[in-house]
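quick one: sequence plus predicted model below, questions after.
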Amino acid sequence: MPKLESLAFDNGFARLPEIFYSRVCPTPVPDPYLVCHSPQALALLDLDDSEIARPELIRTLAGNQSLPGMDALAALYAGHQFGHYVPQLGDGRAILLGEVKNAAGEGWEVQLKGAGRTPYSRGGDGRAVLRSSIREFLCSEAMHALGIPTTRALAIVGSDHPVYREEVETAALVTRLAPSFVRFGSFEVFYYRNQVEPIRQLADYVIARYYPELAARAEPHAELLREIARRTAELMAQWQAVGFSHGVMNTDNMSILGLTLDYGPFGFLDAFDPGFVCNHSDSGGRYAFDQQPDVAAWNLTKLAQTLVPLLSVETASAAIGDYPRQFGQAYLARMAEKFGLAAGEGLLPILTDALQLLAQNRVDYTIFLRRLCDFDSSPGAVNPPLRDLFLDRAAFDAWAARYAAALRQQGSVDAERGQAMRRVNPKYILRNHLAEVAIRRAVDERDYSEVNRLHALLSRPHDEQPECEAYAAEPPDWAKQIEVSCSS
Ligand code: AMP
Ligand code: MG
């Protein structure tokens with residue numbers, strides 16, 4: 001495995017004209033130390049795991065040292081935030097160091113989040129605190145392990161440099177990896193400035209780099225929209241199926257590759273609650289759990305609008321017109337798998353009635369689905385562990401009888417179905433209280449063992465890990481007091 005010195009940089013984004021970014025170097029932090037790292041993410045850069053012990057790598061991930069071939073920059077973008085257009089955002093605290101080409105031929109952009117001020121910092125300090133960095137690190141890697149498209153997190157480096165939020169906290173930098181960090185907002189900024197040429201350049205760049213198969217089509221820009229809509233539909237289906245709430249679905253947080261991007265006040269459902277709002281600052285519930293697929297559709301219209309100067313209104317809207325159907329189909333397919341049912345006529349009522357029952361009885365979504373893997377479909381079976389989750393036992397029994405009948409009708413074999421279901425119904429998710437315990441240890445005691453334990457646990461979310469049974473339990477009462485809100 002190559003060492004740090006042999007990383008091959010090939011900075012595609014930096015070859016675009018300078019209208020798309022500002023060259024800026026990270027601001028060093030005093031005495032950086034490693035908090036945690038992801039060996040799997042390190043391997044994406046072909047780096048041997050032992051490299052993480054090298055001070056040169058820590059200095060690089062702290063922004064204190066640059067490597068030959070890097071070309072650091074902050075990208076320009078705008079975006080609709082909570083429905084309102086904000087003409088200038090941009091990487092206010094993230095700095096793209098460069099893009100590494102690995103031996104498999106993949107390009108991975110390496111970005112430091114919390115690397116200091118940039119021309120887009122507005123009033124901000126360009127920093128991120130350890131608390132929010134731990135949440136981003138753990139969730140990115142957990143989402144990847146769940147099979148959900150996401151930016152990756154390679155490491156967290158901390159420093160005692162003070163960062164002023166509601167209280168004084170300490171600085172940290174998350175090293176993020178993605179093939180591209182281009183967002184819907186990267187297009188919007190030029191549309192609202194009436195600059196058509198940069199829109200064309202960016203669209204052509206995105207096609208050439210990430211959707212090369214579209215270049216030869218009759219209308220590549222329309223095809224690009226269509227493909228982004230398709231990936232977004234797939235992503236929303238995955239979020240809804242796993243019970244993930246992003247919290248800040250502004251267009252500047254929407255990836256043109258259909259990746260989960262920018263982890264802030266996200267939350268996984270505990271008790272099933274369609275109206276769940278994870279972001280404490282989202283008082284109107286704009287980004288409530290059950291709104292996410294529609295918000296993505298709205299965001300896609302904002303993206304499509306930016307390409308109207310290159311297409312036509314009709315072509316652009318037709319290109320995203322399939323989104324509702326694509327989302328519906330993808331979501332239903334995921335849910336059918338999770339319930340171990342074949343797609344078909346009877347599926348939808350069984351699913352919707354189950355979700356309604358879960359909501360009425362405030363049953364834990366993840367625990368329900370995991371126990372459902374052990375469902376006994378024989379006539380008259382009671383399924384006590386599952387049944388015990390419901391206050392309204394009679395309603396559960398009625399539903400379970402219909403579910404059992406559907407399974408028998410489909411010739412489903414309990415043991416086989418259970419095995420397949422356990423591969424799509426995780427036992428372990430990053431519940432807020434689990435992250436909170438790891439954060440408290442890290443922040444208060446400089447003890448990162450819990451961050452590492454959670455990272456390891458969540459890298460195999462579908463496997464039984466008997467020593468970690470407690471991590472699969474419902475949240476304790478104190479978890480209700482945890483509040484998470486925007487950028488920290
Ligand atoms: P977010 O809510 O993290 O997606 O951030 C929205 C915008 O605010 C982006 O342009 C960020 O770069 C910027 N931003 C957030 N926090 C900071 C900060 N501490 N310093 C500078 N810019 C920030
Ligand atoms: Mg953002």
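The structure has been received and is ready for your questions. Ligands and ions are numbered 1, 2, ... in the order given.

point out the residues in the stretch 201-350 of the chain that sit beside ligand 1.
Proximity of the stretch 201-350 of the chain to ligand 1, by C-beta under 6 Å from any ligand atom, involves residues 248, 253, 262, 264. The C-beta positions use only the backbone N, C-alpha and C, and glycine is treated the same way.

in three-state terms, how would the closest residue to ligand 1 within the stretch 101-250 of the chain be classified?
Across the stretch 101-250 of the chain, the shortest distance to ligand 1 (C-beta to the nearest ligand atom) belongs to Gly124, at 2.2 Å. At Gly124 the chain is in coil, as set by DSSP: H, G, I helix; E, B strand; the rest coil.

can you count the residues close to the nearest residue to it once chain neighbours are set aside?
Spatial nearest neighbour of Gly124, chain neighbours left out: Gly92 (5.2 Å); criterion: C-beta to C-beta, 6 or more residues apart in numbering. A count of nearby residues for Gly92, using other C-beta atoms under 10 Å, gives 18.

before we move on, back to that, grab the two from the residues of the stretch 201-350 of the chain next to ligand 1 that are most spread out in space.
Within those, Asn253 and Gly264 form the most distant pair, 8.2 Å apart (C-beta to C-beta).

find the closest residue to ligand 1 in the stretch 301-450 of the chain.
Lys302 (15.7 Å).

tell me the contacts of that residue?
Contact analysis of Lys302 by C-beta atoms under 8 Å, 6 or more residues apart in numbering lists 80, 184, 188, 251.

buried sites along the helix or strand in which Asp444 is found?
Assigned by DSSP states H and E, Asp444 belongs to helix 432-445. Neighbour counts using 16 or more other C-beta atoms under 10 Å place 432-439, 441-443 of helix 432-445 among the buried residues.

give me the contact status of stretch 185-201 with ligand 2.
No. Judged by C-beta under 5 Å from the ion, stretch 185-201 and ligand 2 are separated, with a smallest distance of 8.5 Å.

how about residues contacting that stretch?
With contact meaning C-beta under 8 Å, 6+ apart, stretch 185-201 is reached by 16-17, 19-20, 75-80, 85, 87-89, 202-203, 221, 250-252, 254, 256, 302-303, 305-307, 309-310.

same check on stretch 398-410?
Residues outside stretch 398-410 that contact it (C-beta under 8 Å, 6+ apart): 339-342, 344, 346-347, 350, 353-354, 357, 375-379, 381, 383, 386-387, 414, 417.

hmm, 6 Å instead?
Applying C-beta atoms under 6 Å, 6 or more residues apart in numbering, the contact partners of stretch 398-410 are 342, 346, 350, 353, 357, 377.

which parts of it are buried?
Applying a neighbour-count criterion of 16+ other C-beta under 10 Å, one finds 399-400, 403-404, 406-407 buried in stretch 398-410.

would you point out the most distant pair within these?
Pairwise distances across those (C-beta to C-beta) peak at 12.6 Å, for the pair Trp399 and Leu407.

gap between the two ends of stretch 179-196?
25 Å (C-alpha to C-alpha, to the nearest Å).
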